[in-house]
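# Sequence and computational prediction follow.
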Amino acid sequence: KQEVTQIPAALSVPEGENLVLNCSFTDSAIYNLQWFRQDPGKGLTSLLLIQSSQREQTSGRLNASLDKSSGRSTLYIAASQPGDSATYLCAVRPMEYGNKLVFGAGTILRVKS
Amino acid sequence: DGGITQSPKYLFRKEGQNVTLSCEQNLNHDAMYWYRQDPGQGLRLIYYSQIVNDFQKGDIAEGYSVSREKKESFPLTVTSAQKNPTAFYLCASSIYENTGELFFGEGSRLTVL
C-alpha cells in the first residue's frame, strides 16, 4: 500500500531564507506527484505537477524535483516571504489505484518577518 | 473563470440529520472526488466518480452517499449513520487521465451540534 510521508511536520524560518520541504513515498510506481499549498480554513491550491517521466518543475520561486527510484521529492522555496506561510502537501497518483491520489500529512511553514 | 464551487462554506447539523454538500465545476473535468480532512491527519478519500452515473467508494465511504447525474455536479450527503461527521470536506476534480492535475474547491466545514 502506498504511503506518503512529509518531513518536517513544521518549519519556522526568517524571511529571505531558502528552504526545502521533503516528501517520500513507498512505491515508485506512480503516474505523477503534485505539490499543494493550503491556507488555514481554505481549499488546496495546486503549485506544481511533476509527471513520472520528469525530474523537476519550476514556477517562479518554487522548484520541485522528483527522484522516483528513491521515492523522494523536494519542494525548494527561494527567498521565502511571510506570504509563503501555509501548509504544504504532496500527493502521488499510484499506478495501482488508477485515478486516485495518496496524500502526505503536510508541512506547516511559518516565515517570520 | 473556471473553477470548483462548494456550498455551503459552513454548515451546522443536529445529530440524526442528513445534510448534503454541493460541489459544482465548470472545468469540463470527467473525474470528481470528495475528501475529508481532520486536524493532524492527511486527506482521506470518501468517494470518487470518473464518469457520469458511475462512482466508487474511497477509503472512508461508510455513512456517506453521492450521486453523479451531471458531469458538472457531484453532491455529497452525510447521513446520520456517519458516527463522527464534524470535519472539513473538500471537493476536487481532474481530467479523466492518470496524468491529470487535481484541482480543489474552497471546502465546506460541517459541525455537528
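Structure's in. What do you need? All of these numbers come straight from a predicted model, not from anything done at the bench. Numbering: from 1, shown residues only, chains lettered A, B, ... in the order given.

# So the residue nearest in space to the middle of chain B versus residue B:27, what's the distance?
By Cα atoms, centre = their mean, chain B has its centre lying nearest to residue B:34, at 2.9 Å. Distance, residue B:34 to residue B:27, by Cβ to Cβ, to the nearest Å: 16 Å. To be clear about C-beta, it is placed using only N, CA and C from the backbone, and glycine gets the same treatment.

# you'd agree residue A:110 is up against residue A:85?
Yes: contact criterion Cβ atoms under 8 Å: residue A:110 and residue A:85 qualify, at 5.1 Å.

# Name the residue in the two with the higher neighbour count.
Higher neighbour count among residue A:110 and residue A:85: residue A:85, with 18 against 13, using other Cβ atoms under 10 Å in any protein chain shown.

# any idea how far residue B:100 lies from residue A:3?
For residue B:100 relative to residue A:3 (Cβ to Cβ), the value is 22 Å.

# I misspoke; the intended subject was residue B:111.
30 Å.

# I'd like to know which helix or strand in chain A has the lowest mean pLDDT.
strand A:102-103 (a mean of 93; mean pLDDT, DSSP states H and E).

# List the buried residues in the helix or strand just after that strand.
Elements were assigned by DSSP states H and E; along the chain past strand A:102-103, the next helix or strand is strand A:107-112. The neighbour-count check on strand A:107-112 (16 or more other Cβ atoms under 10 Å in any protein chain shown) flags A:107-109, A:111 as buried.

# Check those against chain B and report the nearest one.
Of all the buried residues of strand A:107-112, chain B sits closest to residue A:108, with 10.5 Å by Cβ to the nearest Cβ.

# beta partners of that closest one?
residue A:10, residue A:87 (DSSP bridges).

# which ones are touching the nearest residue to residue A:56 once chain neighbours are set aside?
Using Cβ to Cβ, 6 or more residues apart in numbering or on different chains and skipping residues adjacent in sequence, the residue nearest residue A:56 is residue A:65, 4.4 Å away. Each residue near residue A:65 by Cβ atoms under 8 Å, 6 or more residues apart in numbering or on different chains is listed here: A:50, A:55-56, A:73-74, A:76.

# okay, now residue 75: neighbour count?
No chain in the question, so chain A it is. Neighbour number of residue A:75 under other Cβ under 10 Å is 22.

# Please refer instead to chain B.
When neighbours are counted by other Cβ under 10 Å, residue B:75 registers 17.

# show me what contacts it?
B:20-23, B:66-67.

# ok, these vs chain A, which is closest?
Distances from chain A to those, taken as Cβ to the nearest Cβ, are shortest for residue B:23 (11.1 Å).

# Provide the partner residues of the residue lying closest to that closest one once chain neighbours are set aside in its beta bridges.
Spatial nearest neighbour of residue B:23, excluding adjacent residues (Cβ to Cβ, 6+ apart): residue B:91 at 3.5 Å. Counting by DSSP bridges, residue B:91 forms beta bridges with residue B:34.

# can you pull the contacts of residue B:91?
Contacts of residue B:91 (Cβ under 8 Å, 6+ apart): B:4, B:6, B:21, B:23, B:25, B:32-35, B:74, B:76, B:104-105, B:107.

# same thing but at 6 Å, please
If you count contacts by Cβ atoms under 6 Å, 6 or more residues apart in numbering or on different chains, residue B:91 has them with B:4, B:6, B:23, B:34, B:105.
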